[in-house]
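Novice: just the structure for this:
(2 chains)
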Amino acid sequence: MIKSKIIDYLKKAISVNLRNYPRLSASMVEVFIPENEKFGHYSTNAALKLAKILKRNPIQIAEEIKSQLEKQPNISGLIDKTKIAAPGFINFFIKKEYLAKRLKEILKKKDKFGQGEPKKRTIVVEYSSPNIAKPLGVHHLRSTIIGQALINILRFVGYRVISLSFPGDWGTQFGLLIAGYKKWGNPEKIKKEPIKEMLRLYVKFSRAAKKNPKLLDEGRKEFKKLEQGDKENRRLWKWFLDESLRDFERVYKLLDIKIDHTIPESYYEPELKSLINNALDKGIAKKGKDGSVVIPIPNSPTPEIIQKSDGGTIYTTRELAAIKHRLKKWKADKILYVAANQQTFHINQVFRSAELLGFAKSGQLGHIKFGMMLAPSGKKFATREGRLIPLEEVLEEATKRSLKIVQKLNPQLPKKEKERVAKIVGIGAVKFFDLSQNRLSDIVFDWNKMLNLKGSSAPYIQYTYARLKSILRKSGGPQKTFNLSLLKNEHELAILNYLLYFPEIIEDSAIYYEPNRLAGYLLRLAEKANLFYETTPVLRAELKLRNSRLALIEAISLIIKNGLKLLGVEAPEKM
RNA sequence: CUCCCCGUAGUUCAACGGAUAGAACGAGGGACUUCUAAUCCCUAAAUGGAGGUUCGAUUCCUCCCGGGGAGACCA
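Specialist: Presented below is the predicted three-dimensional model:
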């Protein structure tokens, strides 16, 4: 990667003067991509940092570093020139030949361009994790979409990634559902629309239980029976589980989500007794007078319950068993939880408990948090009030809206093709809406914004791609003879410069677990590509120039396609 | 009461302690006999408040205000 090469050069240049710069640590050498092109391809503020320590003039120090840089043996192959800018930045300009070399590399490696070396580290990513007997709702979108994009990106940079869903299929709520089913359930209705009916029963029962607390006890009893292996309850529960998983699978397919392993909470049920006993034996957990078992967490006012006073287990207990199991089974170096902000407290408690129990080392467990998907009212989505919007409905609506637009704008496309495009574009828009935003901010659910097919959106990038591909189709096949030094108008250069950054953007997205960095990069690349498209004729250009421009277009489209693919968004050839 | 996240144009969002705070939607104006106008160009418009650290703060620290979330038998 170019950035790390420049860092190496800088380190060497600075270490020549080490006697003059005694207190500099290597990590202080930072290289970044400047926002304005006039400041070069890369910049460093190393001189400014040194100036602070040494209390000297930063420009002077920059001059010293610059002259040392120029003495380095191989630097001229990469760097065309370095410039110093006030108050003390050193700006690097990459050689044009090197940019051309990069472009050829893209054409040669295609979708492998930017891929990292295998890292021999395993990361388990837990994401999506819906609750059984409820449909996947829009509020699951974030965990699912962000999780899958991170998995794709982490794999691309070289990690071994195990993707995992941990559906909630255990707990008192299933007692409520079973009780509701026994009261009002109808097997025919469940067969017809399983999830809808289960949700209806659950909502109806929990509403009724609000008015009549006796019903709550009834629900708890049903769960207790389930835990103790009651045949009828077990059968119902298994039925609900199977129907739910089938339903999820359908939506996952629409979203192009590929989960390696689905291991529900109930899987860990048999191990929980011994887990609790071990925790007690080790003295990590304590038994209360009421029969509950808790793990006191140092510096936390709240202990973590692992056994309820009625002897039953709780989500935490199952999560702890899962941590132990995952680290062992996949020899994982890390487990990442792609889970909402709201769960921060709970997840931290679980992490601390796992560390106390010796299941995981500090730093092995990470919470990739994200802001909430808020209802249009600005409030939280909640199942109980029945305000849940099924994800599938959103995806269908998105597809419908984009079909209308394809019909209007590209009527000559065959019907089947139109439908395919509508799906790719509609669903892409929904996913990209989420992925292009910072993970941590809350998102207000808004049909119009989410399904906006103009402006900064997936369709914008997809449309750019389709136009580029259209040129390539009309050009009559790939060109072998091109001379990239002919690419010298401002739009061509801007793209050539920008293509350089792709591998580093991917790396940053992986380091910070922020897919929106990649999304932003693709938007900016598409902007530049559109500007090029609007201003620069390709097919009508003189032969050599034409071929060089075709090569450039080929490279852009490869990067767009691959970048979108990492985000889980498809790029249509026509739209 | 304690802890966590967020406060940026009218709206929805960007910005690794850096250089002139970027986009999009919406508003107003312009560009299709020429590679797909789901595009492009132009105009107006923003860092909640007060301090502090720094050569430099939207970013870090303190306090205040506002929104959301969490705080032992839900997850």
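Novice: how about the residues of the stretch 451-575 of chain A by RNA strand B?
Specialist: Within reach of RNA strand B by CB under 7 Å from any atom of the strand, the stretch 451-575 of chain A has these residues: A:452-457, A:459-460, A:463, A:466-467, A:469-471, A:474, A:514, A:516-517, A:520, A:523, A:527, A:530-531, A:533-540, A:573-575. The C-beta positions use only the backbone N, C-alpha and C, and glycine is treated the same way.
Novice: just the buried ones from these?
Specialist: Using 16 or more other CB atoms under 10 Å as the burial test, those include A:452-453, A:456-457, A:459-460, A:463, A:466-467, A:469, A:471, A:514, A:516-517, A:520, A:523, A:527, A:530, A:533, A:536, A:538, A:574-575 as buried.
Novice: tell me the pLDDT of whichever residue of the stretch 51-200 of chain A sits closest to RNA strand B.
Specialist: RNA strand B sits closest to A:Gly171 of the stretch 51-200 of chain A, with a gap of 3.1 Å, by CB to the nearest atom of the strand. Looking at A:Gly171, its pLDDT is 84.
Novice: what of A:Arg384?
Specialist: 41.
Novice: ok, now A:Leu484?
Specialist: pLDDT at A:Leu484 comes out at 89.
Novice: so which strand or helix has the closest residue to it other than its chain neighbours?
Specialist: Distances taken as CB to CB, 6 or more residues apart in numbering place A:Ala100 nearest to A:Leu484, at 3.8 Å, with adjacent residues excluded. Assigning secondary structure by DSSP states H and E places A:Ala100 in helix A:96-109.
Novice: for that helix, which positions count as buried?
Specialist: Across helix A:96-109, burial judged by 16+ other CB under 10 Å covers A:Lys96, A:Tyr98, A:Leu99, A:Ala100, A:Arg102, A:Leu103, A:Ile106, A:Leu107.
Novice: just how off-centre is that helix within its chain?
Specialist: A distance of 28 Å separates the centroid of the chain from that of helix A:96-109, by CA atoms, centre = their mean, to the nearest Å.
Novice: swap in stretch A:430-441?
Specialist: That offset, for stretch A:430-441, works out to 9 Å (CA atoms, centre = their mean).
Novice: and if you look at stretch A:63-78?
Specialist: 39 Å.
Novice: for it, output the C-alpha coordinates as CSV.
Specialist: Extracted in CSV, the C-alpha atoms of stretch A:63-78 (Å, rounded to 0.1, in the frame of the first residue of the first chain):
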residue,chain,number,x,y,z
GLU,A,63,12.6,21.4,5.0
GLU,A,64,15.0,19.2,6.8
ILE,A,65,12.7,16.1,6.3
LYS,A,66,12.1,17.0,2.7
SER,A,67,15.8,17.1,1.9
GLN,A,68,16.4,13.8,3.6
LEU,A,69,13.4,12.3,1.7
GLU,A,70,14.9,13.3,-1.6
LYS,A,71,18.1,11.4,-0.7
GLN,A,72,16.3,8.1,-0.4
PRO,A,73,17.2,5.6,-3.0
ASN,A,74,14.0,4.3,-4.5
ILE,A,75,11.7,7.1,-3.8
SER,A,76,11.8,8.6,-7.3
GLY,A,77,9.9,5.6,-8.6
LEU,A,78,6.8,6.5,-6.5
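Novice: now tell me what touches stretch A:282-292 from outside.
Specialist: For stretch A:282-292, contacts defined as CB atoms under 8 Å, 6 or more residues apart in numbering pick out A:276, A:279-280, A:293-296, A:303, A:305-311, A:353, A:356-358.
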